[in-house]
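Undergrad: when you get a sec, could you give me coordinates for this:
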Amino acid sequence: MLKGFEIVKAIDVNESLLKYREKGALRGKYLGFENLEEYYTMALPGCTDWTGFPGSGKSEFLLECLLNTSLFYSWKHLIYVPDVGDREEILAILIHKITGKTFDKRYQSNYISELEVNRELDWVLEHFKILVKTEIKAKITPYELWDFAVEYSDSVQGGIQTVTVDSWKDLKHGVSYDGQTFQRDDKYLEDVLSYRNAISEKYKMHLHTVIHPTKTEADKDGKRRA
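TA: From the prediction side, this is the model:
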């Protein structure tokens with residue numbers, strides 16, 4: 001038998017296949033937007049790549065969807081999102097989404113109070129496990145991040161349902177799980193994305209990756225290439 005592989009046997013899958021039938025195949029969770037549900041839901045397991053022009057709302061919309069899964073289904077998330085901002089900025093965005101109150105002093109009529117911040121902070125940190133750097137030069141590979149998520153999930157009541165990277169460029173790339181260095185991006189992506197898919201399937205997590213496209217500059221008329 002090949003090491004790390006097996007042939008599927010009926011005795012191993014009979015119970016899980018019946019559960020799969022009962023659920024009606026793989027359909028993800030409703031995310032709070034009726035017009036979206038026909039096209040996208042968030043399933044466990046699953047992987048989603050988010051891309052779009054700079055400033056088009058990728059991070060904002062993803063955080064909105066994650067927040068709704070916490071509000072509706074009590075899901076918990078590990079997020080590594082340096083592109084969103086520092087820890088205070090990330091928390092301010094999430095608390096704003098819950099309360100509708102702003103942290104911007106220019107809008108005093110809707111300016112959030114200390115009481116409201118304190119009231120929401122514990123709930124947010126219970127559902128959003130925010131990974132941040134403690135050293136400027138610290139780097140983490142995708143393999144290390146996903147492995148950490150699996151390990152950390154065991155210490156969280158109810159486990160971790162999703163892992164988010166925002167963005168892909170903030171990770172250390174080009175080195176495999178076992179330390180092999182890749183000379184070509186396509187070979188690296190073949191390895192790292194296969195590993196991601198396997199982690200998602202095995203541990204029933206949804207792994208989100210925000211990716212910045214290249215060549216997004218506008219032409220003289222302000223138009224961008226698709």
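
Undergrad: just the pLDDT for Lys23.
TA: At Lys23, the model reports a pLDDT of 69.

Undergrad: correction: the previous question concerned Ile11.
TA: What the model reports as pLDDT for Ile11 is 90.

Undergrad: that one belongs to a helix?
TA: Yes - according to DSSP: H, G, I helix; E, B strand; the rest coil, Ile11 belongs to a helix.

Undergrad: let me see the backbone angles for Val165.
TA: phi -120, psi 120 (degrees, to the nearest 10).

Undergrad: in the sheet, who's paired with it?
TA: Taking DSSP bridges as the rule, Val165 bridges to Tyr80, Thr209.

Undergrad: separation between it and Gly32?
TA: 22 Å (Cβ to Cβ, to the nearest Å). (Each C-beta comes from the backbone N, C-alpha and C, glycine too.)

Undergrad: which residue is nearest the centroid of the chain?
TA: Thr164 (2.2 Å; Cα atoms, centre = their mean).

Undergrad: what are the ranges of the strands in the protein?
TA: Ranges of strands within the chain are 46-51, 77-80, 128-130, 162-166, 206-211, based on DSSP state E.

Undergrad: hey, which of the ones you listed is tucked in deepest?
TA: Each of these was assessed for mean neighbour count using mean count of other Cβ atoms under 10 Å. The highest is strand 162-166, with a mean of 26.

Undergrad: sorry, back to before: need the strands of the chain in a markdown table (columns: distance to His173 and mean pLDDT).
TA: Converted to a markdown table, the strands of the chain look like this (distance: least, Cβ to Cβ, whole Å; pLDDT from 0 to 100):
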| stretch | distance to His173 | mean pLDDT |
| --- | --- | --- |
| strand 46-51 | 15 | 95 |
| strand 77-80 | 14 | 98 |
| strand 128-130 | 22 | 98 |
| strand 162-166 | 11 | 97 |
| strand 206-211 | 12 | 97 |
